[in-house]
Every structure is written in structure tokens, then in C-alpha cells.
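> need a structure here:
(one chain, ligands or ions: 1)
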Amino acid sequence: MQFFGTTMFAILLLTMGTFLAGNSKEVVTFIEKTSSMSASVFFTQSTTATQLRTTFKAVPETKKKLRILLVPGHEPNFGGAEYLDIKERDLNADLALILARYLVEDGHYEVAMTRGKDGWNPDFQNYFTAKDEEIKAFVRSQKMEMVRLIEEGKVFKMSKQAPHNAAQSDVALRLFGINKWANDHQIDMVIHIHFNDSFPRKPTLPGEHNGFTIYTPEYQYSNSQATAEIAKNIFKRLARMFPVSSLPKEDQGVVEDQDLIAVGNSNSVDAASMVIEYGYIYEPQLRTPDVRRLALKELAFQTYLGLADFFGEASLVAGSHGSTLLPYEGNTPVKKTSLANAEVFALQAALIDKGFYPPSGYTRNACPLSGLLGPCTRAALDAFQYKFGIKDERGVVGEKTRAELRKLFQPNLMSVRR
Ligand SMILES: [Zn+2]
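Numbering: from 1, shown residues only. Sure, this is the predicted structure:
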């Protein structure tokens with residue numbers, strides 16, 4: 001059990017089954033908005049971007065911090081995507097913990113986690129048990145109200161574009177329980193943390209898609225407006241280093257959903273609430289422990305910066321390069337290995353920052369930040385070396401290339417950034 005931040009609001013290290021249960025691809029409802037539809041919004045906003053920013057700004061005076069609940073997707077011991085020995089549910093917990101630390105250190109946030117890697121936060125476990133009947137009643141009444149509003153034409157039922165994998169009922173109940181807990185505890189913001197999977201896929205082979213996506217509440221829900229604003233900011237930061245999911249519908253980056261429990265199915269959560277699918281479980285940067293550590297840290301940091309952007313404090317926290325992978329130090333030789341390695345990962349981040357990666361003619365999805373030295377990195381190096389007149393290291397990372405790249409990150413050359 002870990003506690004962050006101030007007293008009462010203990011952090012919950014726990015879990016939650018997330019709702020994108022079964023890994024997903026499940027999801028998704030995509031909605032075309034029309035002005036006539038927005039005119040009919042029925043639920044009043046339970047939280048707004050303005051309210052959140054006001055609370056944030058007042059923290060030094062009021063000492064009342066923003067309350068963020070982090071929900072590592074799936075249960076401590078089951079559920080979620082798996083690839084070889086890599087389990088999504090563990091990555092979710094690792095990333096949540098790194099993000100929690102950034103938020104707590106910032107000073108504006110109180111952070112609760114539903115679970116850690118090894119089990120539920122006892123506060124949640126106790127809540128699920130003690131409030132079992134209340135949670136069931138809450139789910140029934142929210143769903144009945146939703147049905148009534150749809151029947152009366154006050155709320156539009158969105159058509160599903162893809163079938164949901166129905167979350168197992170006890171998992172679903174815990175997800176609704178988390179929503180209710182968040183409502184009971186005046187949580188301002190909920191972030192569900194996941195990694196994705198592609199179907200069909202052979203268990204030992206990578207799947208077709210890569211990249212991240214953020215699911216937000218469908219626009220009629222009372223937490224939709226604030227969530228959309230926050231998600232937009234987080235999206236921009238993540239998109240700097242990472243590709244957006246190549247899966248159709250997810251490729252818009254921020255996807256509204258009416259059915260996901262985590263974002264507020266049946267208008268069940270008051271707080272701004274989103275699901276971030278940070279990438280696909282089989283992506284190479286998640287496979288080797290040292291590169292995985294770097295990748296999770298960077299994903300968490302970019303999420304934190306996105307929140308800082310939303311609250312207008314990014315300039316205070318970002319540092320000069322806005323990435324945990326920069327500035328490029330380039331002190332270690334870069335080699336090709338069969339699995340991702342940290343030197344290539346750092347090199348790619350530097351090349352992304354300077355606009356050489358992905359190389360021209362390639363997409364972010366085809367040439368992602370991966371830690372693998374292959375045709376993408378060689379083409380980027382080739383362009384870089386051409387530009388800087390390095391003739392004898394073409395396509396390989398020699399000392400001259402590293403030295404040139406290193407120079408671009410020296411403080412007096414910041415203006416070279418593209
Ligand atoms: Zn998941």
C-alpha cells in the first residue's frame with residue numbers, strides 16, 4: 001500500500017478491472033456529431049474545464065488539491081492483453097505508479113490508485129465488499145434512467161461500430177463501483193490506463209496495429225466537455241513521440257464512446273474520465289525490460305505534461321526538451337540488436353525531435369519509436385548525415401553522427417529544433 005499526497009485521501013493502489021476488459025478492440029462507438037444533436041444535450045455538465053482550472057489555480061491558497069484517480073486496467077491477477085511473458089495488467093500498474101509520482105511531485109494533485117501490481121488498494125477492496133448492494137442499485141438506476149431518457153428522445157443512443165466484448169459481470173460491477181467511489185469521493189479526474197491488442201493475432205507473434213488512443217465520454221454525457229479538453233492536451237503530448245493507433249476509428253486519436261463503463265456508461269461518473277490505450281502489447285519497446293522502463297516513463301511523463309498544458313503550467317514543468325529521452329547524450333555506441341535496445345531508442349527520440357524520424361515517405365506507424373535499428377532508422381540517419389555532410393558513416397551510427405546530433409541539443413543551439 002502506498003500513500004501519496006496528503007492525509008485523508010489515501011491513495012489507492014488497487015485495481016480495477018477495467019473495462020476495456022478483455023483487451024480491446026472492443027469498443028467503440030463512433031459518433032458523428034451534428035449541430036442538431038448537440039442542441040439536444042440533456043445532462044448538465046457535472047464538471048467543466050473552467051471549474052477544474054479554477055480549482056487548480058487556487059491550490060496554493062486553498063490547499064485543496066485536484067483529486068485524480070488512476071485506474072490501472074484489469075484485475076491484479078487476471079485479464080488484459082498478453083504477449084509472450086508480458087502482461088498488460090502489470091504494465092498498466094507500472095505506468096500508473098510512474099504517473100502518480102509525477103503528479104504528486106507537482107504539488108497540485110492528490111492521487112489515488114485503485115490497485116498496484118500485487119493487489120487491490122484495500123480501500124477499494126473494502127468498498128466493493130461493503131457497498132456491494134449499493135453499487136448494484138446504482139448500476140440499475142443509472143441504466144434504467146438511461147433507457148428512459150433514450151425512449152423519451154432526450155438522449156441519443158449511439159450505434160455501435162464494433163461489438164464490445166462484454167466485460168465479465170463482476171469485472172463490470174467493479175468498474176461501476178469505481179465510478180461510484182469517484183462520485184462519492186469528489187474525484188475531479190479519472191484516468192484508466194491500458195495497453196491494446198489486435199485481433200486476430202497468433203499468441204507468439206505481433207499483431208497488425210500499433211500506436212495509442214484516448215477514449216472519452218460521448219458528448220451527451222455530463223463529464224464529456226471537461227474530458228474532451230483534457231484528452232486533447234494529453235493527445236498532443238503523446239503524439240509528439242508516439243504514433244496514433246492505426247486501427248480504424250482509433251486512428252482519430254481521441255475517440256468518444258457511450259458504452260465504456262470507464263468513461264461513464266449510463267452517465268455513471270461525474271469526474272472527467274478517460275481511457276488511455278498507450279500502445280499495443282506486442283510493440284518492441286515494451287518487450288525488453290530496460291527499453292520498457294524508458295517507454296513507460298516517457299508515456300507517463302507526456303501524460304503529465306498534457307495535464308500541465310491543460311492547466312496552463314507546462315512551461316513550469318517541462319524542462320527545455322519536454323521529454324525524458326532528451327537531450328540526446330550520445331555517449332554510448334549504437335548497435336543493432338535482435339530486440340529493442342536503449343541506445344537506439346534514445347537515438348530515435350533525438351531524430352524525432354529534430355524532424356528526421358520517421359524518414360520522409362514513411363508514416364509514424366511504419367517507423368515508430370521502437371528501439372529497433374532497421375530500415376526506418378537507417379533512412380533517417382541517411383537524411384541526417386546528408387544534411388550535415390557526414391559522408392563516411394552512411395546508414396550507421398558512428399562517432400561523427402552522434403557528435404553532430406549531440407551538438408543539436410546543446411542549449412545555445414535550441415533554435416535549430418524543427
Ligand atoms: Zn486493457
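
> wait, a strand at residue 53?
No: counting by DSSP: H, G, I helix; E, B strand; the rest coil, residue 53 is not found in a strand; it is helix.

> spatially nearest residue to it (excluding sequence neighbours)?
Spatial nearest neighbour of residue 53, excluding adjacent residues (CB to CB, 6 or more residues apart in numbering): residue 311 at 6.0 Å. C-betas here are computed from N, CA, C, even on glycine.

> quick one: the one you found and residue 56 touch, right?
Yes: assessed by CB atoms under 8 Å, residue 311 is found in contact with residue 56 at 4.7 Å.

> if I look at the residue in the chain that the ion sits nearest to, what pLDDT would I see?
Residue nearest to the ion within the chain: residue 194 (3.5 Å; CB to the ion). pLDDT recorded at residue 194 is 98.

> specify the beta-bridge partners of it.
Beta-bridge partners for residue 194, by DSSP bridges, are residue 277.

> related to what we said a few turns ago, any idea how far the residue nearest to residue 53 is from residue 143?
The gap separating residue 311 from residue 143 is 34 Å, by CB to CB, to the nearest Å.

> what's the answer for residue 353, then?
47 Å.

> the two: who's more crowded?
Each of residue 353 and residue 143 has its neighbours counted (other CB atoms under 10 Å); residue 353 has more, 23 against 15.

> now do the strands in this structure.
66-72, 82-83, 86-87, 109-113, 189-196, 213-217, 254-257, 272-280 (DSSP state E).

> mind putting the ones you listed in a markdown table, mean neighbour count included?
Shown next, in a markdown table, are the strands of the chain (neighbours: other CB atoms under 10 Å):
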| stretch | mean neighbour count |
| --- | --- |
| strand 66-72 | 26 |
| strand 82-83 | 18 |
| strand 86-87 | 18 |
| strand 109-113 | 26 |
| strand 189-196 | 28 |
| strand 213-217 | 28 |
| strand 254-257 | 24 |
| strand 272-280 | 28 |
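
> adding distance to residue 376, write the ones you listed out as a markdown table.
As requested, the strands of the chain are exported to a markdown table (distance: least, CB to CB, whole Å):
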| stretch | distance to residue 376 |
| --- | --- |
| strand 66-72 | 31 |
| strand 82-83 | 21 |
| strand 86-87 | 22 |
| strand 109-113 | 36 |
| strand 189-196 | 21 |
| strand 213-217 | 22 |
| strand 254-257 | 26 |
| strand 272-280 | 17 |
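
> one step back: who has more neighbours out of residue 311 and residue 56?
More neighbours surround residue 311 than the other of residue 311 and residue 56, with 23 against 19 (other CB under 10 Å).

> anything in stretch 175-188 near the ion?
No: contact of stretch 175-188 with the ion is not found when judged by CB under 5 Å from the ion; the minimum separation is 11.7 Å.

> now do the contacts for residue 232.
Residue 232 makes contact with residue 254, according to CB atoms under 8 Å, 6 or more residues apart in numbering.
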